[in-house]
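Engineer: Sharing a model prediction with you, sequence too.
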Amino acid sequence: MTARTRPLLALAALVALAALPTGALAAKPTPGTLTQLQGKRGCIVDRSSKPGTCAVGRGLKGAGAFMGSEAVAVSPDGRNVYVAAFDSDAIATFSRNPKSGALTQPGGTAGCISAKGSAGCAKVAALDGPNSVAVSPDGRNVYATARDSSTLLSFVRNPKSGALRPIPGATCMAGMALPGCTPATALIGPDVVAVSPDGRNVYVGAFFGSAVVAFSRNPSSGAPTQLAGTAGCVAAATAGCATGIGLGSIEGLAVSPDGTSVYAAAAASNALAELARDPSTGALTQLAAPNSCIADAPLGGCTEGRELGGPNAVAIAPGGENAYVTSFLSNSVTGFDRTADTGVLAQKEATNACLVFLRSAGCSFGRAMLAPEGLGVSPDGRNVYLASFETGAIDVLSRNSKGAVRQLPGAAGCLARKQVQGCTLGRALSGVSSVAVSPDGRNVYSTANESNAVDVFRRNR
């Protein structure tokens, strides 16, 4: 190469670079990281709030209650997102764009249901303080808990529009005497609802009832019926229920993918209770000692774990081999290995056992992880996402083939409001409480209680 040809080659290289599509030179995002959609597609706030750069919606005031780590759910077909809004006494319905993940709220009563029918929502009684929502695996029904009315509400879902309507004659199960509701034992202050993978049962974690309440689900209508006798609930101390341990103030609940286990996060017991499920009946039985629960301090019948102060959300890996728990008081997320044939959990060893906001012996350091609540695992099992209420952040963790998790380094490891240093900047994240990953793994959705918002993110893959 001569001195004369070098400038010509350099010029040709510059021309070639200029011809590349815009963004082709940009670094490819780290897999699993989140990017909030731009402008109004990235967040929707209640119409009572200042929208800023967000879109405006209805029935979103107090989205994702402080006691409510499962306040957002995506339908199995990916067409809809549902949000429980505590202060609006409402369930908001959104249509989801399958390509971008952007949300649009339908007009009129199709866009929300509420206790008073305000903001143009459909009116449904006994929906006082809704704090969790779940969609049945067949997509035909939506279930919601309402803490202040101590109720489980059941709805039929329109598969095309996503609109909800009460199940005729079976809308409401209540833990106290309410007109039009069927009584349910131990259903006091419910905080979380889950549907079994086979769709045969609905389970509710009752915070003030300190119980896991079990219902059968009608395969045609979706109507829930509490199981008879002591099979209908496992509680710390409630007449008519089976008696269990480590069940004080249930905040989180998860059913294993194989349907043989149910795990309950008990905030007041500082414990994770382990229950076996009979797939034929849906009845729950607490595992025998010493595997009845994993507790933060010595508790008869349970094994001792670490960093389980005030656990409030449980998530199971897609293959069922691992469980993860957020703990509000410990500012932590803890990982467990699960034995499939018994359902027994064992906390992971060494630094794989936990991530903690402050330094803790035997745990890794978790950034922007103050008061974590909601928790979600991606369908491909590669990532775990946490909603940290006090920080106003979504923490991004990678998960390896053995189920161990670590926070991504630098700004990729968290997406947060502007007051939080060292994270990717996000909008409308004050009091972020719940997080859900879409079934196709393309999007992550979160609720932000103090922002009165639902937030929309693209998951980079």
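Structural biologist: In hand now; what should we look at?
Engineer: So the nearest residue to F208 once chain neighbours are set aside versus L287, what's the distance?
Structural biologist: Distance criterion C-beta to C-beta, 6 or more residues apart in numbering; nearest residue to F208, sequence neighbours excluded, is G189 at 3.1 Å. No exception for glycine: its C-beta is placed from N, CA and C like everyone else's. Distance, G189 to L287, by C-beta to C-beta, to the nearest Å: 25 Å.
Engineer: Can you give the contact residues for stretch 174-187?
Structural biologist: Stretch 174-187 is contacted by residues 125-126, 149-152, 170-173, 188-190, 204, 206, 209, 211, 213, 215, 226, 232-233, 235, 238, 240-241 when judged by C-beta atoms under 8 Å, 6 or more residues apart in numbering.
Engineer: Which entries within the residues you listed meet the buried criterion?
Structural biologist: Those of those that meet the buried threshold are 125-126, 149-152, 170-173, 188-190, 204, 206, 209, 211, 213, 215, 226, 232-233, 235, 238, 241, by 16 or more other C-beta atoms under 10 Å.
Engineer: which ones among those residues are found in strands?
Structural biologist: Those of these mapping onto strands are 151-152, 172-173, 190, 204, 206, 211, 213, 215, 226, 233, 235, per DSSP state E.
Engineer: Greatest separation within those residues: which pair is it?
Structural biologist: Across these, no pair lies farther apart than C172 and A235, at 20.9 Å, counting by C-beta to C-beta.
Engineer: Quick one: low-confidence residue ranges for this structure.
Structural biologist: For the chain, the stretches flagged by pLDDT under 70 are 1-27.
Engineer: mind running it again at 50?
Structural biologist: For the chain, the stretches with pLDDT under 50 are 1-25.
Engineer: Would you map the helices across it?
Structural biologist: 5-18 (DSSP state H).
Engineer: returning to what we had before: what distance do you get for the residue nearest to F208 to A313?
Structural biologist: From G189 across to A313, the span is 17 Å (C-beta to C-beta).
Engineer: same thing with S100?
Structural biologist: 27 Å.
Engineer: Comparing those two, which residue is more hemmed in?
Structural biologist: Set S100 next to A313 and count neighbours by other C-beta atoms under 10 Å: A313 wins out with 29 against 13.
Engineer: quick one: contacts for that one?
Structural biologist: S69, E70, E251, G252, A265, V325, T326, P372, E373, G374, L375.
Engineer: got a winner among the residues you listed for most neighbours?
Structural biologist: E70 (34 neighbours).
Engineer: Pairing-wise in the sheet, spell out the partners of that one.
Structural biologist: When bridges are called by DSSP bridges, E70 pairs up with S132.
Engineer: correct me, but it touches E373?
Structural biologist: No: using C-beta atoms under 8 Å, E70 is not in contact with E373; the gap is 9.5 Å.
Engineer: got any residues that touch both of these two?
Structural biologist: Joint contacts of E70 and E373 (C-beta under 8 Å, 6+ apart) are A313, S434.
Engineer: For D46, see how far away the closest residue in space to G413 that isn't next to it in sequence is.
Structural biologist: Sequence neighbours aside, Q407 is the residue nearest to G413 in space, at 4.3 Å (criterion: C-beta to C-beta, 6+ apart). Using C-beta to C-beta, Q407 is found at 31 Å from D46.
Engineer: what residues are up against the spatially most central residue of the chain?
Structural biologist: Nearest to the geometric centre of the chain sits E70, at 3.9 Å (C-alpha atoms, centre = their mean). For E70, the contact set (C-beta under 8 Å, 6+ apart) comprises S132, V133, A134, V192, V193, A194, G252, L253, A313, G374, S434.
Engineer: Pull the contacting residues for the second one.
Structural biologist: Counting by C-beta under 8 Å, 6+ apart, V133 touches 70-73, 82-84, 91, 142-145, 193.
Engineer: Any chance of CSV for those residues, columns distance to G413?
Structural biologist: Below are the contacts of V133 laid out as CSV (distance: C-beta to C-beta, whole Å):
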residue, distance to G413
E70, 24
A71, 24
V72, 22
A73, 25
Y82, 29
V83, 26
A84, 28
I91, 32
V142, 33
Y143, 34
A144, 32
T145, 32
V193, 31
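Engineer: Are any of the residues you listed buried, and if so which?
Structural biologist: 70-73, 82-84, 91, 142-145, 193.
Engineer: Looking at those, which is nearest V384?
Structural biologist: Among these, and counting by C-beta to C-beta, the member closest to V384 is E70, at 15.3 Å.
Engineer: What separation is there between the closest one and G381?
Structural biologist: Per C-beta to C-beta, E70 is found 20 Å from G381.
Engineer: With G246 instead?
Structural biologist: Noted for G246: a distance of 28 Å to G381, by C-beta to C-beta.
Engineer: the more surrounded of the two?
Structural biologist: A direct count of neighbours by other C-beta under 10 Å for G246 and G381 places G246 higher, at 25 against 17.
Engineer: Quick one: residues contacting that one.
Structural biologist: A266, S269, A271, L272, A273, S292, C293, A295, L299, G301, C302.
Engineer: The third one reaches P298, doesn't it?
Structural biologist: Spelled out, it's A271. No: with contact defined as C-beta under 8 Å, A271 does not reach P298; the gap is 11.0 Å.
Engineer: The two: who's more crowded?
Structural biologist: A271 (27 against 8).
Engineer: The more buried one - nearest residue in space that isn't next to it in sequence?
Structural biologist: G246 (3.6 Å).
Engineer: Who are the contact partners of D440?
Structural biologist: Contacts of D440 (C-beta under 8 Å, 6+ apart): G78, P98, P379.
Engineer: Make CSV out of these and add distance to I394.
Structural biologist: Below are these laid out as CSV (distance: C-beta to C-beta, whole Å):
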residue, distance to I394
G78, 20
P98, 22
P379, 17
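Engineer: If any of those residues are buried, give me the ChimeraX selection for them.
Structural biologist: Only the buried entries of the contacts of D440 go into this ChimeraX selection, using 16+ other C-beta under 10 Å:
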select :78
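Engineer: What's the separation between G62 and D278?
Structural biologist: In terms of C-beta to C-beta, G62 sits 37 Å off from D278.
Engineer: Among those two, which residue is more densely surrounded?
Structural biologist: Legend: neighbour count by other C-beta under 10 Å for G62 and D278, higher for G62 (25 against 13).
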